[in-house]
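1. This is the structure alone, sequence omitted:
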């Protein structure tokens, strides 16, 4: 009978003596340990757990030599300051309104009444300030303007009809569509008029025949319909016997711009403002905090006290409420408006910088950098506001497409390219203190 082959028990090797695959491999080609590779990435700016992840990914892919590059790419996914040289003042991808705000560490009286010592409302202080600034009876704040629309519709028109002109059923960035938000709120959308022409009679018929309990006017802030058009003035809508909500979106506080020295800028012509919308009879006005208002991302609701209170009591109000950092920043900006210190609001300071000051800076940079040429440009408000409106500006032009290189700098510079032939850096959106990094970037371009 055949016997199974194999070593006798006394010939069994010690398992510990059997070399691992890595030990049998040539040391010159054997990959490093995860720990050793992770430690080699200590200057990447990543915390140790992320360095371990990067090391494992690099080893698994067989590209150990690319670990440093992977770590750098991972680090550049973090939020980081950039220089906005695009000429778009409210660049959505760059955080919209530029805002300098800081607060010391520690507690605040977010929901504590210092007078009574009892629990208070986080909406009270900012609500009073915004009401004063806009001439409203009351105000409250949520996390963004889309949230303000959702809350108002859910609180005031749930299961009821809301009339909206077909020409105002907008979609904005990120796929936000008014009809979708209305469905989520529980309100029934009643479309009136046509895409290009809507008359007062269309709204009157909806109120009379379609059981409409709310009218919403939505500002066409990120597009224009021109030609054979007709729209109903806000004041006329306010005479139909139901509350009118004006979503002005862009967030201009007052068309008179009393916080600025001199008259309102010409590029603001015909832009609806919160104070004037309330004076026209709107029951509520909704707008963003991070657009023309120049503050943090927030949705601001101002108007009649009973309607604001109804919104504040709705369960969604808690889900949409902002935290102390947003409220603190919003308070600081609102105080600047009330004290008429527009120069303290970064957006307005940038937007109204005299053209000659921009030209002087551009001339200085061009004199230091032979590859830069001074050019006239048109900056734009951006952020879905004032479509087609330009603000005269000055920039620097460099031959070639250098936007990728500029983004790769330790302090990334975000510029724009024209026809893949020239790179333009618009100084209206660049802080004067950042002219130094621009100069150094120009020097690096010369040595590439």
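-> Thanks, I have it. All values reported here derive from a predicted model rather than from experimental measurement. Residues are numbered from 1 along each chain as shown.
2. going forward, measure contacts and count neighbours with C-alpha atoms only.
-> Noted.
3. Show me what the host helix or strand of residue 365 is in contact with.
-> Using DSSP states H and E, residue 365 maps to helix 355-368. Residues from elsewhere that reach helix 355-368 (CA atoms under 8 Å, 6 or more residues apart in numbering): 372-374, 392-396, 427-428, 432, 435, 439.
4. swap in stretch 341-353?
-> Under the criterion CA under 8 Å, 6+ apart, residues 89, 97-100, 259-260, 265, 292, 294, 333, 336, 391, 428-429 lie in contact with stretch 341-353.
5. again with stretch 427-437
-> 83-89, 350-351, 353, 358, 361-362, 365, 379, 393-396, 411.
6. Buried residues, it. List them.
-> Residues 427, 428, 429, 430, 435, 437 are the ones in stretch 427-437 that count as buried (16 or more other CA atoms under 10 Å).
7. any chance of the residues you listed in TSV, plus secondary structure?
-> Formatted as TSV, these follow (DSSP: H, G, I helix; E, B strand; the rest coil):
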residue	secondary structure
427	helix
428	helix
429	helix
430	coil
435	helix
437	helix
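8. quick one: low-confidence ranges for this protein?
-> 1-29, 172-176, 221-223 (pLDDT under 70).
9. Quick check: chain neighbours aside, which residue is closest to residue 111?
-> residue 120 (4.6 Å; CA to CA, 6 or more residues apart in numbering).
10. which residues sit in contact with that neighbour?
-> Residues near residue 120 by CA under 8 Å, 6+ apart: 110, 111, 112, 113.
11. Leaving out the residues flanking it, which one is nearest to the first one?
-> On the basis of CA to CA, 6+ apart, the spatially nearest residue to residue 110 that is not a chain neighbour turns out to be residue 122, at 5.4 Å.
12. distance of that neighbour from residue 142?
-> Distance of residue 122 to residue 142, computed by CA to CA, to the nearest Å: 11 Å.
13. Of those two, which one has the most company?
-> More neighbours surround residue 142 than the other of residue 122 and residue 142, with 29 against 20 (other CA atoms under 10 Å).
14. Ramachandran angles for that one?
-> phi -120, psi -170 (degrees, to the nearest 10).
15. Was I right to think it contacts residue 317?
-> Yes. With contact defined as CA atoms under 8 Å, residue 142 counts as touching residue 317 (7.3 Å).
16. Helix or strand next in line after the longest strand along the chain, which one?
-> Counting residues, the longest strand found in the chain (DSSP state E) is strand 391-399. Per DSSP H and E, the first helix or strand lying C-terminal to strand 391-399 is helix 403-407.
17. contacts for the next helix or strand after that following helix?
-> Sequence-wise, the next helix or strand downstream of helix 403-407 (DSSP H and E) is strand 413-414. Strand 413-414 is contacted from outside by 82, 83, 84, 85, 86, 403, 406, 407, 438, using CA under 8 Å, 6+ apart.
18. Now restrict the residues you listed to buried residues only.
-> 83, 84, 85, 86, 403, 406, 438.
19. Just confirm the third one contacts residue 417, I think it does.
-> No. With contacts defined as CA under 8 Å, residue 85 does not count as touching residue 417, sitting 11.0 Å away.
20. tell me, what's touching these two both at once?
-> residue 424.
21. so where do the strands sit in the stretch 201-350 of the chain?
-> 212-218, 244-249, 284-288, 299-303 (DSSP state E, counting those that start in this stretch).
22. so the first one versus strand 244-249, what angle?
-> This means strand 212-218. 20 degrees (axes from the mean of the first three to the mean of the last three CA atoms, to 10 degrees).
23. which secondary structure elements does strand 212-218 contact?
-> helix 145-157, strand 161-165, strand 244-249 (3 or more CA pairs under 8 Å, 6 or more residues apart in numbering; DSSP states H and E).
24. ok, and which of those has the densest surroundings?
-> Most buried of those by mean neighbour count (mean count of other CA atoms under 10 Å) is strand 244-249; its value is a mean of 26.
25. Show me what it pairs with in its sheet, parallel or antiparallel.
-> Applying DSSP bridges, strand 244-249 is found paired with strand 212-218 (parallel), strand 284-288 (parallel).
26. Give me the angle between that strand and strand 161-165.
-> In terms of direction (the same axes, to 10 degrees), strand 244-249 departs from strand 161-165 by 50 degrees.
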